[in-house]
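K.L.:
Model the structure of this input:
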Amino acid sequence: MPNRNGFIGELTAICGKRHVHTAAASVERFRKGWRSGEGEAEAAVEPGSLLEMWRVLQACVNADRIVIMQAANTGLTEGSTPNGQYDRPVVVINTLRLSKIHLLKGGKQIISHPGGTLFELENLLKPFGRQPHSVIGSSCIGASIVGGVCNNSGGALVRRGPAYTELALFARKRADGSLHLVNHLGVDLGSHPEEILSRLDRGEVSDDDLVETTGRACDDTYTSRVRDIDADTPARFNADVRTLHEAAGCAGKLAVFALRLDTFPAETDERTYYIGTNEQGDLTALRRALLADSEPLPVSAEYLHRAIFDTTRIYGKDTLLLIHWLGTRWLPVIFKVKGKLDGFFSGLPLLPDHLMDRVMQGLSRLAPEALPKRMLQWRDRFEHHLILKVGGDVAVRTEALLDRIVGTANWFACTQREAKLAGLHRFAAAGAAARYGICNSVTVEEILPLDIALRRNDVDWFETLPAEIEQDLVAKFYYGHFLCHVFHQDYAVRKGADPRRVKQAMLARLDGRGAEYPAEHNVGHLYDAKPALANFYRELDPTNSFNPGIGKTSKQKHHG
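P.N.:
Next up is the predicted model:
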């Protein structure tokens, strides 16, 4: 193993001094999760080309370093940052500088480099009348395309299922310790790693380079699966062997250089309905009717409970207004600056943790009310809220269904402005729950986030907790992708209570209900990888050099 100075010097020679971070304040934003989780890292490296990334990987392999691949670091389960202690030094490779996206087949397919984001892809596809797998409302701020596939992300769009492809270009470390580049993109780019990566760096890829392949570039069976409303299993979840294939679901156990993915026709005439009820049975009946009878399926159906409605109104207000006023273009830059400032201020004495969150929260209180009047009226009347989006061709049938199942006084057709703000309000919910925990740290020990998939035939989807769990909570936040029966359930654990004990009790209850977890954000360091998933990780990475410990597996070399 080369000495540390020699190794850091090699990384610097590859990427330049500006893009190799070793100082504590400089490394902090790479080693800490967006929501939670952190660990030590010897260095964080930002390669500027695929070829640089390959050479950094070679240096790490030769120096026997652990590699953690990271893009926007928007994961909710701590899976893209170091965690705890390792038996080898850790290097974080951040890929956000590698943001190129290549269009194929007139925009019907794309190839994304590891740092390409959903925001960038949305804008790139607009002239073609197409969309990526996930769009705002079903993705985190600045989330990467590759990260979504590697982490089994699902998203809000009902017809598309989990992010998935079998067409990938990736590096893996073989059992003998050698680094190997695998080209399963279905694109002829040459035969040697440096040739392949240099061609992609230069953008030398076109439809003429495509080769015959049987690999799928999306989960094209999901619509029939989600329609099976009497099935006794969830529609989609992280450990589903159907959607574990090389890069898909790899959770950083491979170093992914590029993915080829399908895109989808954009809806040209969407209608959005805001629905409220105090009876969970109303939404159960509506869900079953929409999935069984609606052709085509709705575009999305996003659920919020009143408690997360209120919390997001306060603690997600700045996110909503930033997107509403500025659009999505500047958000990744804003949050990158925020991360740098957090790293700087965290090293100063007498300042509280998460200073920038506290400052942004204070400023948001000065801003005007963000939500439309009718949404606020529905908040006062109803406990359960649903934002239903459908194509214009089924609007009349959908409105008749709403009248019959929930009643004419319990829904309204949104104006364009109301639809936008309702969607942004739902989008801001996950960050709002985290912000709530930060700003109420005197009474909150920790925010416990659970990401669950209920069985497709579940009718009692809204949980009732026993007193022994309730006594350890100060707040509960429920929101999710309702038709897929995927829910995000965040719990504010009372100060002084044991979050681990609460989590064990929660997961035991979910096991009893036949639920699967996590549903769409990978196991990270918060969940145990089930046997099939743990085996998948071991097969991808026999030396355990890429993101070891994921899913609470061994962190030791060769899996111990």
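K.L.:
can you map out the helices along the stretch 401-550 of the chain?
P.N.:
Taking DSSP state H, counting those that start in this stretch as the test, the helices found in the stretch 401-550 of the chain are 416-427, 429-439, 467-470, 499-512, 531-540.
K.L.:
Name the stretch among the ones you listed that sits most buried.
P.N.:
helix 429-439 (a mean of 23; mean count of other C-beta atoms under 10 Å). (Each C-beta comes from the backbone N, C-alpha and C, glycine too.)
K.L.:
got the angle for the longest helix belonging to the chain vs helix 429-439?
P.N.:
Ranked by residue count and defined by DSSP state H, the top helix of the chain is helix 331-346. Comparing the axes of helix 331-346 and helix 429-439 via axes from the mean of the first three to the mean of the last three C-alpha atoms, to 10 degrees yields an angle of 10 degrees.
K.L.:
In terms of secondary structure, what does helix 331-346 contact?
P.N.:
helix 24-31, helix 317-326, helix 355-364 (3 or more C-beta pairs under 8 Å, 6 or more residues apart in numbering; DSSP states H and E).
K.L.:
I'd like to know which of the helices of the stretch 401-550 of the chain lies nearest to Thr311.
P.N.:
helix 429-439 (5.2 Å; C-beta to C-beta).
K.L.:
And Asn457, how close does it get to Gln489?
P.N.:
19 Å (C-beta to C-beta, to the nearest Å).
K.L.:
Between these two, which is the more surrounded one?
P.N.:
Gln489 (21 against 14; other C-beta atoms under 10 Å).
K.L.:
List the contacts of the more buried one.
P.N.:
Going by C-beta atoms under 8 Å, 6 or more residues apart in numbering, Gln489 touches 449-452, 463, 476-478, 480.
K.L.:
let's go with 10 Å and repeat that
P.N.:
By C-beta atoms under 10 Å, 6 or more residues apart in numbering, Gln489 lies in contact with 305, 308, 433, 448-452, 463, 476-480, 506, 510, 517.
K.L.:
Mind listing the residues bridging to it?
P.N.:
Beta-bridge pairing for Gln489 (DSSP bridges): Leu450, Tyr478.
K.L.:
ok, back up a step: in JSON lines, list the helices and strands packed on helix 331-346 along with mean pLDDT.
P.N.:
Output for the helices and strands packed on helix 331-346, formatted as JSON lines (pLDDT from 0 to 100):
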{"stretch": "helix 24-31", "mean pLDDT": "91"}
{"stretch": "helix 317-326", "mean pLDDT": "88"}
{"stretch": "helix 355-364", "mean pLDDT": "89"}
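K.L.:
so which of those comes closest to Leu259?
P.N.:
Among the helices and strands packed on helix 331-346, helix 24-31 sits nearest to Leu259 (C-beta to C-beta), with 22.3 Å.
K.L.:
The closest one to helix 331-346, inter-axis angle?
P.N.:
Going by the same axes, to 10 degrees, helix 24-31 makes 130 degrees with helix 331-346.
K.L.:
Run through the neighbouring helices and strands of helix 24-31.
P.N.:
Judged by 3 or more C-beta pairs under 10 Å, 6 or more residues apart in numbering; DSSP states H and E, helix 24-31 is in contact with strand 20-21, strand 43-45, strand 66-70, strand 90-94, helix 331-346.
K.L.:
Quick check: neighbours of the shortest one in the sheet, parallel or antiparallel?
P.N.:
By that I understand strand 20-21. Here, using DSSP bridges, strand 20-21 pairs with strand 43-45 (antiparallel).
K.L.:
The strand it pairs with - what's its average pLDDT?
P.N.:
Mean per-residue pLDDT for strand 43-45: 98.
K.L.:
Quick check: which ranges of the stretch 201-350 of the chain have low pLDDT?
P.N.:
Low-confidence segments of the stretch 201-350 of the chain (pLDDT under 70): 328-332, 335, 347.
K.L.:
Please, where are all the helices along it?
P.N.:
222-227, 280-293, 306-315, 317-326, 331-346.
K.L.:
In a helix, Lys389, correct?
P.N.:
No. The assignment for Lys389 (DSSP: H, G, I helix; E, B strand; the rest coil) gives strand, which keeps it out of a helix.
K.L.:
Counting neighbours, what do you get for it?
P.N.:
Residues near Lys389, counting by other C-beta under 10 Å: 23.
K.L.:
how near is it to Ser144?
P.N.:
Distance from Lys389 to Ser144, by C-beta to C-beta: 25 Å.
K.L.:
Please tell me how far Ile68 sits from Asp490.
P.N.:
Ile68 is 25 Å from Asp490, by C-beta to C-beta.
K.L.:
Ok, Arg31 next?
P.N.:
Arg31 is 23 Å from Asp490, by C-beta to C-beta.
K.L.:
okay, these two: which has more neighbours?
P.N.:
Using other C-beta under 10 Å as the criterion, Arg31 and Asp490 rank with Asp490 on top: 26 against 23.
K.L.:
For that one, give me the pLDDT.
P.N.:
Per the predicted model, pLDDT is 96 at Asp490.
K.L.:
Could you double-check that Phe477 lies in contact with Ala430?
P.N.:
Yes. If you go by C-beta atoms under 10 Å, Phe477 and Ala430 touch, sitting 9.2 Å apart.
K.L.:
shared neighbours of the two, which are they?
P.N.:
With C-beta under 10 Å, 6+ apart, Phe477 and Ala430 have common neighbours 308, 312, 449, 488, 490.
K.L.:
Serialize the residues you listed to a markdown table and add fields for distance to Met375.
P.N.:
What follows is the shared contacts of Phe477 and Ala430, written out as a markdown table (distance: C-beta to C-beta, whole Å):
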| residue | distance to Met375 |
| --- | --- |
| Ile308 | 13 |
| Thr312 | 11 |
| Pro449 | 25 |
| His488 | 20 |
| Asp490 | 21 |
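K.L.:
Please name the residues that touch Arg172.
P.N.:
178-182, 246, 250, 253-255, 539-543, 545-546.
K.L.:
Beta-bridge partners for the nearest residue to Cys414 once chain neighbours are set aside, please?
P.N.:
Nearest-residue entry for Cys414: Thr272, 4.2 Å, with adjacent residues in sequence omitted and distances by C-beta to C-beta, 6 or more residues apart in numbering. Under DSSP bridges, the beta-bridge partners of Thr272 are Lys389.
K.L.:
Format the helices of the stretch 401-550 of the chain as a markdown table; extra columns: mean pLDDT and distance to Gly524.
P.N.:
Formatted as a markdown table, these follow (pLDDT from 0 to 100; distance: least, C-beta to C-beta, whole Å):
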| stretch | mean pLDDT | distance to Gly524 |
| --- | --- | --- |
| helix 416-427 | 95 | 21 |
| helix 429-439 | 92 | 14 |
| helix 467-470 | 97 | 23 |
| helix 499-512 | 96 | 13 |
| helix 531-540 | 97 | 12 |
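K.L.:
Before I go, just wanted to say thanks for your time.
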